[in-house]
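Enquirer: quick one: sequence plus predicted model below, questions after.
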Amino acid sequence: MAEVKICGLREAAHVAAAVDAGARYLGFVFYHKSPRAVTGAEAASLSADLPLGVARVGLFVDPSDDLLHDVLSVMPLDIVQLHGHETPDRVTEVKALTGLPVMKAVGISGPDDLSQLTDYGLVADMLLVDAKPPKDAGLPGGNGLAFDWRLLVGRRWLRPWMLAGGLTPDNVAEAVRLTGAAVVDVSSGVESGPGVKDSVRIAAFIAAAKA
Ligand SMILES: O=C(O)c1ccccc1N[C@@H]1O[C@H](COP(=O)(O)O)[C@@H](O)[C@H]1O
């Protein structure tokens, strides 16, 4: 059984579907190239009435200080997700600048990538273990691409972590069983098209992850 983060929410109906089904984390994408991008004001409106215990995660890709400041001036976040090429020093800076816990995404395609989880575990508050995007991918995440979950079997890191990358209602139970992930994160696997969330798939995903 795993807790769930539903990422890339843009509509109130899908926020409600995620909350009603028991999502623990809601992700809002502040990256203009994503089909899931929202403004700080839109995310603030979408998350205005969340029940206690549901965390608001802001997803950023190599954000400037100005972008972080602009979003946080209108949107209270609980966690900052960094999904770009942020260095460990930049993770430390963002923690200090925002005063928030930072979750650093690390892309995995083979065993050589796993050492980054140890390195970022020294500075980040949480880790997000995602598939490494292909070089020609338009986005650094949210591509619906999975990696070989067997790479994670028996591994432990210094920080709490989430599993992401190509998860769907059909494969999430197996991913949790194999990796022991306590939290799973999904975006495209609960969509009917790029950036278009589907309430039925959101509910099915959360039920499967929590089963
Ligand atoms: O969802 C996006 O648009 C996105 C854009 C830029 C960086 C990351 C993004 N999403 C994150 O990617 C992973 C995996 O997503 P998927 O389930 O494979 O589609 C997840 O952590 C999203 O938060």
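Expert: The structure has been received and is ready for your questions.
Enquirer: neighbouring contacts of stretch 30-46?
Expert: With contact meaning CB atoms under 8 Å, 6 or more residues apart in numbering, stretch 30-46 is reached by 7-12, 15, 28-29, 56, 58-61, 63, 67, 70-76, 83, 138-139, 142, 187, 194-195. Every residue, glycine included, has its C-beta placed from N, CA and C.
Enquirer: kindly report the same for stretch 163-177.
Expert: Residues outside stretch 163-177 that contact it (CB under 8 Å, 6+ apart): 1-2, 7, 105, 108, 128-131, 141, 143-147, 149, 152, 179, 181, 183-190, 201, 204-205, 207-209, 211.
Enquirer: could you list which of those residues belong to helices?
Expert: Among the contacts of stretch 163-177, DSSP state H puts Thr179, Arg201, Ala204, Phe205, Ala207, Ala208, Ala209 in helices.
Enquirer: could you flag which of these are buried?
Expert: Thr179, Arg201, Ala204, Phe205, Ala208, Ala209 (16 or more other CB atoms under 10 Å).
Enquirer: and those residues as TSV, adding distance to the ligand?
Expert: Putting those into TSV (distance: CB to the nearest ligand atom, whole Å) gives the following:
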residue	distance to the ligand
Thr179	15
Arg201	11
Ala204	14
Phe205	10
Ala208	14
Ala209	12
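Enquirer: so can I have CSV of those showing pLDDT?
Expert: Listed next are these as CSV, based on pLDDT from 0 to 100:
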residue, pLDDT
Thr179, 97
Arg201, 98
Ala204, 98
Phe205, 98
Ala208, 98
Ala209, 98
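Enquirer: and these, which two are furthest apart?
Expert: Spanning the widest gap among these are Thr179 and Arg201, at 21.3 Å by CB to CB.
Enquirer: and the closest residue to Leu163 other than its chain neighbours, how many neighbours does it have?
Expert: Spatial nearest neighbour of Leu163, excluding adjacent residues (CB to CB, 6 or more residues apart in numbering): Ala181 at 3.8 Å. A total of 22 residues lie near Ala181 under the criterion other CB atoms under 10 Å.
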